[in-house]
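this one's sequence-less:
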């Protein structure tokens with residue numbers, strides 16, 4: 001029975017997309033804290049659950065804790081959490097929400113454990129550190145210095161600004177409408193950026209990179225996936241590299257840049273290009289040069305358009 005449950009869990013992690021504000025049922029516990037600081041700090045940690053941070057009010061922070069097992073949510077009278085350490089409190093400028101399974105988390109016993117999730121409603125400007133071992137992380141409408149890390153889940157963000165550090169070992173990363181500094185990495189998932197601008201560094205070991213209306217200084221890398229999408233504007237440089245996939249990218253049609261592209265085959269339809277064109281490499285300048293563009297794949301095809 002446990003083997004069937006484990007297979008179901010693995011399949012669900014491949015197909016479920018983390019939402020910014022999901023329906024987790026009835027909260028087990030709700031705590032509300034008044035906010036007087038300009039940028040309150042939030043620390044959220046849970047072993048096997050999801051974490052969502054959602055902009056709601058400038059006057060308070062509300063923490064909702066959910067206890068779930070086998071698709072059902074539980075209220076306080078229905079469950080015994082003696083094996084868990086739960087802390088939801090304010091210490092100085094920091095709101096802490098921590099749930100720890102004192103017995104530890106085991107994949108073999110995952111269906112016998114409760115999963116503890118947090119939704120935190122905050123002002124728009126915050127500083128946050130979010131950690132979960134097995135769940136998704138969702139961010140909605142917030143700005144500031146935010147670090148989010150999950151071992152097995154996806155990370156989604158929408159309508160954000162600031163300094164953002166995202167890391168997941170087994171999930172996808174998707175970011176919509178962001179401006180600022182980004183460092184994002186995943187070992188096994190895809191990275192999708194939509195309407196993202198700033199100083200952007202992102203990498204995946206086994207997934208694809210999908211870029212839609214991306215601008216700024218761009219540094220993206222994947223070891224085993226394809227790179228596709230549209231670069232709207234380049235601030236100083238754009239470097240996109242993959243070891244085993246194809247690159248299909250649209251570059252700005254009105255900006256000048258120098259370009260170096262290499263692959264098993266390079267195809268381009270660039271206007272006002274001057275330089276060297278070979279079957280597997282092109283180097284030169286577009287519209288008299290400018291920002292640096294580097295596109296490289298070891299085993300795939302590079303396709304460039306405007």
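Nice, thanks for sending it over. Note that the structure is a prediction, hence the values are computed from the model and not measured.

quick one: residue 27 is in a strand?
No. Applying DSSP: H, G, I helix; E, B strand; the rest coil, one finds residue 27 to be coil, outside a strand.

Could you count how many residues lie near the closest residue to it other than its chain neighbours?
Excluding its sequence neighbours, the residue lying closest to residue 27 (Cβ to Cβ, 6 or more residues apart in numbering) is residue 64, at 4.4 Å. Placement of C-beta: from N, CA and C, glycine included. Burial of residue 64 is recorded as 21 neighbouring residues (other Cβ atoms under 10 Å).

Would you mind listing the outside residues contacting the helix or strand harbouring residue 64?
Using DSSP states H and E, residue 64 falls within strand 60-69. Residues outside strand 60-69 that contact it (Cβ atoms under 8 Å, 6 or more residues apart in numbering) are 24-35, 40, 42, 49, 56, 73-74, 79, 81, 86, 88, 95, 97, 99, 111, 113-123.

Could you tell me which of these count as buried?
Neighbour counting over the contacts of strand 60-69 (16 or more other Cβ atoms under 10 Å) leaves 24, 27-29, 31, 35, 40, 42, 49, 56, 73-74, 81, 88, 95, 97, 99, 113-123 as the buried ones.

Please enumerate the helices of the chain.
2-15 (DSSP state H).

hey, where'd the strands end up in the stretch 151-300 of the chain?
155-168, 173-186, 191-204, 209-222, 227-242, 247-250, 257-262, 265-268, 273-277, 281-286, 291-297 (DSSP state E, counting those that start in this stretch).

Could you export these as CSV, including mean pLDDT, mean neighbour count and distance to residue 131?
Listed next are the strands of the stretch 151-300 of the chain as CSV, based on pLDDT from 0 to 100; neighbours: other Cβ atoms under 10 Å; distance: least, Cβ to Cβ, whole Å:
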stretch, mean pLDDT, mean neighbour count, distance to residue 131
strand 155-168, 97, 22, 10
strand 173-186, 98, 21, 15
strand 191-204, 98, 21, 20
strand 209-222, 98, 21, 24
strand 227-242, 97, 19, 29
strand 247-250, 98, 20, 34
strand 257-262, 98, 20, 39
strand 265-268, 96, 16, 42
strand 273-277, 95, 12, 47
strand 281-286, 97, 18, 44
strand 291-297, 97, 20, 34
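
Please tell me how far the residue nearest to the spatial centre of the chain sits from residue 28.
Closest residue to the average C-alpha location of the chain: residue 173 at 3.4 Å, with Cα atoms, centre = their mean. Distance, residue 173 to residue 28, using Cβ to Cβ, to the nearest Å: 29 Å.

one step back: neighbouring strands for the strand holding residue 64, and are they parallel or not?
Neighbouring strands of strand 60-69 in its sheet, by DSSP bridges, are strand 29-34 (antiparallel), strand 72-74 (antiparallel), strand 115-122 (antiparallel).

ok, residues contacting the first one?
Contacts made with strand 29-34 from outside it, assessed by Cβ under 8 Å, 6+ apart, are listed as 59-65, 76, 86, 88-90, 95.

what's the farthest-apart pair in those?
For these, the farthest-apart pair by Cβ to Cβ is 59 and 76; their separation is 26.7 Å.

Bridge partners for the nearest residue to residue 252 once chain neighbours are set aside, pull those for me.
Ranked by Cβ to Cβ, 6+ apart and with sequence neighbours excluded, the top spatial neighbour of residue 252 is residue 233, at 5.6 Å. Taking DSSP bridges, one obtains residue 215 as the residues bridged to residue 233.

Quick check, residue 233 in contact with residue 216.
Yes. The pair residue 233 and residue 216 passes the contact test of Cβ atoms under 8 Å, sitting 7.4 Å apart.

Quick one: closest of the strands of the stretch 151-300 of the chain to residue 139.
Comparing the strands of the stretch 151-300 of the chain by Cβ to Cβ, strand 155-168 comes nearest, at 4.1 Å.

Direction-wise, compare that closest one with strand 191-204 and give the angle.
0 degrees (axes from the mean of the first three to the mean of the last three Cα atoms, to 10 degrees).

which neighbours does strand 155-168 have in its sheet, and in what orientation?
Paired strands of strand 155-168, with direction, are strand 137-140 (parallel), strand 143-150 (parallel), strand 173-186 (parallel) (DSSP bridges).

which residues sit against the shortest one?
Think strand 137-140. 18-22, 50-55, 130, 146, 148-150, 153-160, 168.

ok now that strand, how far from the chain's centre?
Relative to the centre of its chain, strand 137-140 is centred 9 Å away, using Cα atoms, centre = their mean, to the nearest Å.
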